[in-house]
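Asks: model the structure of this input:
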Amino acid sequence: MLALIAGTGALPGVLAAKLRARAEAALVCEMTGFAVTGTGDLERISYRLETLGTLLAQLRSRGVTEVCFAGAIRRPVIDPARIDDLTRPLVPPLIAALRAGDDGALRAVIAIFEAAGFAVRAAHEIAPDLLPATGVLSVARPTALHLQDVIRAQAVHAAMAQVDVGQACVVHQGQVLAVEAAAGTDAMLRGLVEAEPAPPGDPLIWAVDSASDVVAGWADWLSGPEVPRPTPRIVRQGGLFYKAPKPGQDLRADLPVIGPETVTGAVAAGLGALVIAAGGVMVIDLPQVVTLADRHGVVLWVRPVT
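Replies: From the prediction side, this is the model:
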């Protein structure tokens, strides 16, 4: 049996549908404060981080042998008074995970589940069709400027990985307009719409200085219904959104994800291209993503990392 260690967003529901279609036994584990939606009639177990040890024991007693992390969470504050006896031995690695960056936290969480005897299964192993084929999927085609900005974005992405910050950034004509941090990609795109123009300088400097404040999500799902957006305040139109896993990231958890809401946010921010790493970014509702990109003349490019 498989347990979905689930968070917010649509990814848990997508995986639940795949598991039901294959008649594969599964249940959902929902952390208090992070409501899981879309998983239908799958049995649900609620838990707190302070009772993680009890959750592991419950899963073993139910015959669970595999787990899959799916959905977004933020690191909760541990209440020492709520820690139960089975969780007390896990406190040192849990504290280390809470203090680590995104990738470090994920590795620590994976290690806890593996030490308890569970195999960790990647979301894209359950739903391989979430990884789109390599190539330009939109009617709009990349330009020479897009290629230059992709190269710049990959360099920025590599620098972000050095401080374990985010998986996405926005670049236009070589200038870094935004980088993903604690609040996630959706918030990064909203910030381009809602915030006043940033002062001169590279936003990556802010991201590096703020690395200690970054919190982890087990999966960064960004799909949702299209909603009205305020008029962008960005004066630079045609920027490029780039998203990829961090170099050396354990792809069994927190594999980057985009969806229709990502395209909607990029359009609202005045961007002209979305570039994602081939084999490294899942796409929720790919047909709708392509439709939205074509409707707004946005480039959608699944590109190998170079």
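
Asks: can you pull out the helices in the chain?
Replies: With DSSP state H, the ranges of helices along the chain come out as 11-21, 52-61, 91-99, 102-115, 123-126, 144-162, 185-194, 203-209, 260-268, 286-295.

Asks: next, the angle from the third one to helix 52-61.
Replies: In this case it means helix 91-99. Per axes from the mean of the first three to the mean of the last three C-alpha atoms, to 10 degrees, the angle that helix 91-99 makes with helix 52-61 is 110 degrees.

Asks: how far does helix 91-99 sit from the chain's center?
Replies: Taking C-alpha atoms, centre = their mean, to the nearest Å, the mean C-alpha location of helix 91-99 is offset from the chain mean by 21 Å.

Asks: need phi/psi at Met84.
Replies: Just to correct that, residue 84 is Asp rather than Met. The phi/psi pair for Asp84 (degrees, to the nearest 10) reads phi -90, psi 170.

Asks: I meant Glu43, not that one.
Replies: Note on Glu43: its backbone torsions stand at phi -60, psi 140 [degrees, to the nearest 10].

Asks: just give the closest residue to Ala244, not the sequence neighbours.
Replies: Excluding its sequence neighbours, the residue lying closest to Ala244 (C-beta to C-beta, 6 or more residues apart in numbering) is Ala277, at 3.5 Å. All C-beta spots, glycine's among them, are computed from the backbone N, C-alpha and C.

Asks: wait, the one you found touches Val305, no?
Replies: Yes. Using C-beta atoms under 8 Å, Ala277 and Val305 qualify as a contacting pair, with a distance of 5.0 Å.

Asks: list residues touching both of the two?
Replies: Ala244 (C-beta atoms under 8 Å, 6 or more residues apart in numbering).

Asks: out of the two, which sits in the more crowded spot?
Replies: More crowded of Ala277 and Val305, by other C-beta atoms under 10 Å: Ala277, with 19 against 14.

Asks: doesn't Leu255 make contact with Tyr106?
Replies: Careful, residue 106 is Leu; it's not Tyr. No. Contact criterion C-beta under 8 Å: Leu106 and Leu255 do not qualify, at 10.4 Å.

Asks: please tell me how far Val267 sits from Pro80.
Replies: Distance, Val267 to Pro80, by C-beta to C-beta, to the nearest Å: 46 Å.

Asks: so which of the two has more stuff around it?
Replies: Neighbour totals were compared for Val267 and Pro80, and Val267 leads with 22 against 8 (other C-beta under 10 Å).

Asks: quick one: the spatially closest residue to that one that is not a sequence neighbour and Leu255, what's the gap?
Replies: Distances taken as C-beta to C-beta, 6+ apart place His296 nearest to Val267, at 4.6 Å, with adjacent residues excluded. His296 sits 26 Å away from Leu255, going by C-beta to C-beta.

Asks: so between these two, which is more surrounded?
Replies: Each of His296 and Leu255 has its neighbours counted (other C-beta under 10 Å); Leu255 has more, 25 against 16.

Asks: would you agree that one is in contact with Ile126?
Replies: No. Here Leu255 lies out of contact with Ile126, judged by C-beta under 8 Å, at a distance of 11.5 Å.

Asks: what pLDDT is listed against Arg233?
Replies: Model confidence at Arg233, given as pLDDT, is 41.

Asks: cool, and Leu106?
Replies: For Leu106, the pLDDT comes out at 78.

Asks: same deal with Ala253?
Replies: At Ala253, pLDDT is 80.
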